[in-house]
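*Asks:* 3D model of this:
(2 chains)
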Amino acid sequence: MRRVVGALAAVSLLALGLGACSDDDGGGKSDTPSAGAPSGGGPSVALPDLKGTTVQVAAVWTGDEQASFKKVLAEFEKRTGAKTEYVPTGDSAATFLGQRVEGNAPPDVAFLAQPGALTQFAQKGWIKPLASDVQQTVQQNFSTQWQTLATNDGKLYGVYYKAANKSLVWYNAKVFGNAGAAEPKTWDDLLKTAGLVSDSGTPPFATGGADGWVLTDWFENVYLSQAGPDMYDKLAKHQIPWTDPSVAQALQTLAQVWGKGDWFPGGTGGALQTEFPASVPQVFGDTPKAGMLPGADFVGTNIIKDTKAKIGQDAKFFGFPAVGTGKPPVVTGGDVAVAMKDSPGAMALLKFLATTDAAQIWAQQGGYMSPNKNLDFASYHDDATRAIAQNLIAAGDGFRFDMSDQAPSAFGGTKGEGEWRDLQDFLRNPSDVQGAQAKLEADAAKAFGSG
Amino acid sequence: MAEATIPSPASTTAPGAAPPDERRGLGGGALLAWLFLLPAVVMLGVLVAYPIVWTFVRSLFGADGWSDFAGLGNYQDLFTDDDTFTALKNNLIWVLVVPAVVTALGLVFAVLTERVRFATAFKLVVFMPMAVSMLAAGITFRLVYDRDPDKGAANAAIVSVHDAFSGGAPYPGARPRPNAGLDAEGGGFVTKAAYSAGASVTLPLVALPPDKMPSDARPAAAPAAAGGGLSGVVWLDFSPGNAGTPGKVDPGEKGLPGVRVEAVRDGHTVASATTAADGSFRIPDRAVAGGGVQLRLAEGNFAKSFGGYDWLGPNLVTGAIIGAYVWMWAGFAMVLIAAGLAAIPRDALEAARVDGATEGQVFRRVTVPLLAPVLVVVMVTLIINVLKVFDLVYIISLGSSQKEANVLALQMYLASFGGGDNQGLGSAIGIVLFLLVLPAMLFNIRRFRKENR
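*Replies:* From the prediction side, this is the model:
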């Protein structure tokens, strides 16, 4: 699973762009994903005949992602006879959808990126629970954890269609070669590897510390592996305070890396001045200034866009190593599809999105990972994505959703505030574990109290 | 409007016409006047008075709206909250620094442009930033202040000036292997032990970037203990995977030529040597004769190249943003002051010159006092503008330094909409900001009145 994989993800973007040009009117041509389809060509679930109805879908995707998703919608149109209409939501999907609800014109189906938004929408009655046949399809294809994430008050509301894996460490193969370093499997190995890379004359880590979410991802990976999923859930819901000893331990563990000034290009002060997009070329640019970049799968997109490095040759990755006696962590993000109208079209689309067929269409185009456990890994466009997806599915129910995305946004999602800011302060002064905990707890109490 | 409603001395002493006529005319006129004023009054009421009152009322309630009466709780939060305190402090810095600097710059520009041939062109250039939107200026300056000298113009300039005066060290960033018996001292390293004649010393270094290895470096050789004197080797004790034995010269590891090694006794340098191509060095007999010496690798070997300043770091960020603001507003001050300058009676200046005043004296004793009313207008306008500064701070500061750059207007936005969603607290900050601007406003109004009298 943590084997290095060689593939040109650049090709995936190319293919994606070409695909978008050639096949805009979907339904006309037959591009059934027959090759590796488990059902051998036929539709894997029964979908109703929806001729004459229109299903409106709102999601955040634009550009290449929108083009790929439209192919999925085209297949849905072909199978049901319904028309679909795609509405981009812009960056703040929750605000956009809230306005549509107030204007009495919600879309049939919407995609949400935060579990918190799903809870909030369900409490306000803006979204509808899944029909029983859709629930069945979801239960067949998704591990319990994904279902739990889409459940509020005992009712299943959504289908997780797209996932992200935030537990990777990307590295520059040339820097590792110079240092004679190998991919570490445990946190202790990671520290040794980092020391080795440092001895070889290159700072081992780059990190976009000016963006707070980069730092919360570090913390979440360490905490999930070290304290375990149960504690992780409790901390995510603020059932245990941030002053808990387990948090102290995680911060002390982080300080083993964050406390080493010369382990970051320009020191930790430099890291705090670097935003995420600038941290990628620090590792994969023409003259690498650092060796490793812990980050999500989408780092690959930045590598392709901003550097000349080839994924699989120059740029490789390994899974975030296990800390202490824990398992290697798998922290995820994802987009969940929910029905905002109780229409047959909405339910039919959700049912379709829960199938392997729907996942396969996008998987073949690249830039996509499905949480659907029954999707054949062979469907993936390139080896890199395949390996990341295998890592994700192999975690079973052991993965956890990004903690800061579950928190109220005042704590887990605002520039210069809450957890983002507190971890930046901790990166600036990693010896003050207690002070950091106190600040985290104060901010969390305030945000959870008012949220 | 203020002028219209204030009975001026002129009208009370109005001469002439018969009293009854005037009274009747005034009665009908007052009604008519109010009728004409009505649209303006309604507009002001809706757009100015109502929001002020509403904001004040809202500031008495908590985050959850009208069901959550907080009294003066928000104001209490406001003055006990660290973030708001930082914002207040920064606002104070802004108010003290910016109007003074901008006015001074504007004055200098205005006076000097009077004397140059292409005055209009010069003024145009200085005034141009005013035409740039705050957003665009913010984004531009964020790039200017980028930490990486390859991207940020500010650091690029400073680094190139710095590098022009001091050459780089041969081995920037290199450091001794831990537990190799070397302690950090200043920017260099010194051995823990003292060595006496005949000893051979190994000084292993690591963390040298591959591209910094000199091309003439030869494989290091473990020094043979020589009779008399002191010999040793400085080498890069690193092979891929740390394969060799740390602290021992392994095959394939290269010596570091050109490292200055000093022999130190009681804090005094008694001799020094420079390493050869294979990293070996020799301290002569006479230096060691008087007893043991410590060996020091001086700072000059390792000093890291200067990388510029953290403009957007917590310490400099407010100053950096103020710089951007001054760049934008210097043109505004210049244009107003230049207009005032044009209105100064020339004969006063000439009279002073004829009386033998130097140009400096003319400027200080005549020009500036005559310009004072204009300078005050510029200052007060800037004070009001500076108190409500928001966009530049929001755009230029990084997530990691936003708190240090915070100002009240930004804090008001963050508290109301930036995740906190506490519009009660936001309203309270708005009211405080209003109270701070008020003195400047009143001052302006009084001055207008005085001028019109």
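
*Asks:* list of residues touching stretch B:372-389?
*Replies:* Contacts with stretch B:372-389, where a contact means CB atoms under 8 Å, 6 or more residues apart in numbering or on different chains, come from B:91, B:94-95, B:98-100, B:102-103, B:106-107, B:325, B:329, B:332-333, B:336-337, B:339-340, B:368, B:407-409, B:433, B:436-437, B:440-441, B:443-444, B:447, B:451. (Glycine included, C-beta is placed from N, CA and C.)

*Asks:* quick one, phi/psi of the residue in chain A positioned nearest to chain B?
*Replies:* Closest to chain B within chain A is A:G180: 2.6 Å, counting by CB to the nearest CB. Backbone geometry at A:G180, expressed as degrees, to the nearest 10, gives phi 70, psi 30.

*Asks:* who's in contact with residue 403?
*Replies:* No chain specified, so I'll use chain A. A:216, A:220, A:223, A:232, A:235-236, A:331, A:412.

*Asks:* meant chain B actually
*Replies:* A:416, A:421, B:83, B:86, B:314.

*Asks:* which single one of those is nearest to A:K83?
*Replies:* A:G416 (44.3 Å; CB to CB).

*Asks:* who's in contact with the spatially closest residue to that closest one that is not a sequence neighbour?
*Replies:* Spatial nearest neighbour of A:G416, excluding adjacent residues (CB to CB, 6 or more residues apart in numbering or on different chains): B:Q402 at 3.2 Å. Contacts for B:Q402 (CB under 8 Å, 6+ apart) come out as A:415-416, A:421.

*Asks:* quick check on the residue in the stretch 1-150 of chain B positioned nearest to chain A: phi, psi?
*Replies:* When scored by CB to the nearest CB, the stretch 1-150 of chain B has B:R147 as its residue closest to chain A, at 4.3 Å. B:R147 has phi and psi values of phi -70, psi -40 when expressed as degrees, to the nearest 10.

*Asks:* centroid residue for chain A?
*Replies:* For chain A, the residue nearest the mean C-alpha position is A:A164 (2.5 Å; CA atoms, centre = their mean).

*Asks:* please flag which of the contacts of A:M403 sit within strands.
*Replies:* A:V331 (DSSP state E).

*Asks:* the contacts of A:M403: which ones sit near chain B?
*Replies:* Among the contacts of A:M403, no residue is within reach of chain B (CB under 8 Å from any CB of the partner chain).

*Asks:* would you mind measuring from B:A197 to B:V288?
*Replies:* Going from B:A197 to B:V288 by CB to CB, to the nearest Å gives 4 Å.

*Asks:* between the two, who's got more neighbours?
*Replies:* In this view B:A197 and B:V288 are compared by other CB atoms under 10 Å in any protein chain shown, and B:V288 has more residues nearby, 22 against 19.

*Asks:* returning to that earlier point: OK, contacts around the closest residue to the residue of the stretch 1-150 of chain B closest to chain A other than its chain neighbours?
*Replies:* Ranked by CB to CB, 6+ apart and with sequence neighbours excluded, the top spatial neighbour of B:R147 is A:Q273, at 4.3 Å. Contacts for A:Q273 (CB under 8 Å, 6+ apart) come out as A:209-210, A:266, B:147, B:310, B:312-313, B:398, B:400.

*Asks:* can you report phi and psi for A:K162?
*Replies:* The phi/psi pair for A:K162 (degrees, to the nearest 10) reads phi -130, psi 140.

*Asks:* does the residue of chain A positioned farthest from its centre count as helix, strand or coil?
*Replies:* Farthest-out residue of chain A from its mean C-alpha position, per CA atoms, centre = their mean: A:G52, at 35.8 Å. Secondary structure assignment for A:G52 (DSSP: H, G, I helix; E, B strand; the rest coil): coil.

*Asks:* how close does it sit to B:G258?
*Replies:* Computed with CB to CB, the distance linking A:G52 and B:G258 is 83 Å.

*Asks:* now do B:K123
*Replies:* Distance from B:K123 to B:G258, by CB to CB: 55 Å.

*Asks:* can you give me the strands in the stretch 151-300 of chain A?
*Replies:* Along the stretch 151-300 of chain A, the stretches classed as strands by DSSP state E, counting those that start in this stretch are A:151-152, A:155-156, A:158-165, A:168-172, A:292-295.

*Asks:* next, count neighbours for the residue lying closest to B:P284 once chain neighbours are set aside.
*Replies:* Excluding the flanking residues, the one nearest B:P284 by CB to CB, 6+ apart is B:G229, at 5.4 Å. B:G229 has 18 neighbours, counted by other CB under 10 Å.

*Asks:* get me the contact residues on the stretch 51-200 of chain A for chain B.
*Replies:* Within the stretch 51-200 of chain A, the positions near chain B by CB under 8 Å from any CB are A:177-182, A:196, A:198-200.

*Asks:* what's the answer for the stretch 351-451 of chain A, then?
*Replies:* Checking the stretch 351-451 of chain A against chain B by CB under 8 Å from any CB, the hits are A:408-411, A:413-418, A:420-421, A:424, A:428, A:447, A:450.

*Asks:* any of those residues buried? List them.
*Replies:* Buried members of those, scored by 16 or more other CB atoms under 10 Å in any protein chain shown, are A:408-411, A:413-418, A:420-421, A:424, A:428, A:447.

*Asks:* in helices only, show me these.
*Replies:* Of these, the ones assigned to helices by DSSP state H are A:409-411, A:418, A:420-421, A:424, A:428, A:447.

*Asks:* re the thing from before, what's across from the residue nearest to the centre of chain A in the sheet?
*Replies:* Beta-bridge partners for A:A164, by DSSP bridges, are A:G333.

*Asks:* and the one 5 residues further on, by the same measure?
*Replies:* Beta bridges link A:V169 to A:P294, A:F318, judged by DSSP bridges.

*Asks:* tell me how far it lies from A:L224.
*Replies:* Separation of A:V169 from A:L224 (CB to CB): 15 Å.

*Asks:* count of neighbours near A:T62?
*Replies:* Residues near A:T62, counting by other CB under 10 Å: 12.

*Asks:* residues contacting the residue lying closest to it once chain neighbours are set aside?
*Replies:* Distance criterion CB to CB, 6+ apart; nearest residue to A:T62, sequence neighbours excluded, is A:P88 at 5.5 Å. For A:P88, the contact set (CB under 8 Å, 6+ apart) comprises A:58-62, A:66.

*Asks:* which elements pack onto the helix or strand containing B:A156?
*Replies:* With secondary structure defined by DSSP states H and E, B:A156 is part of helix B:153-165. Helix B:153-165 is packed against helix B:134-144, with contacts defined by 3 or more CB pairs under 8 Å, 6 or more residues apart in numbering or on different chains; DSSP states H and E.

*Asks:* would you indicate which residues of the helix it packs on are buried?
*Replies:* For helix B:134-144, by 16+ other CB under 10 Å, it's B:134, B:137-138, B:140-142, B:144.

*Asks:* all set, thanks.
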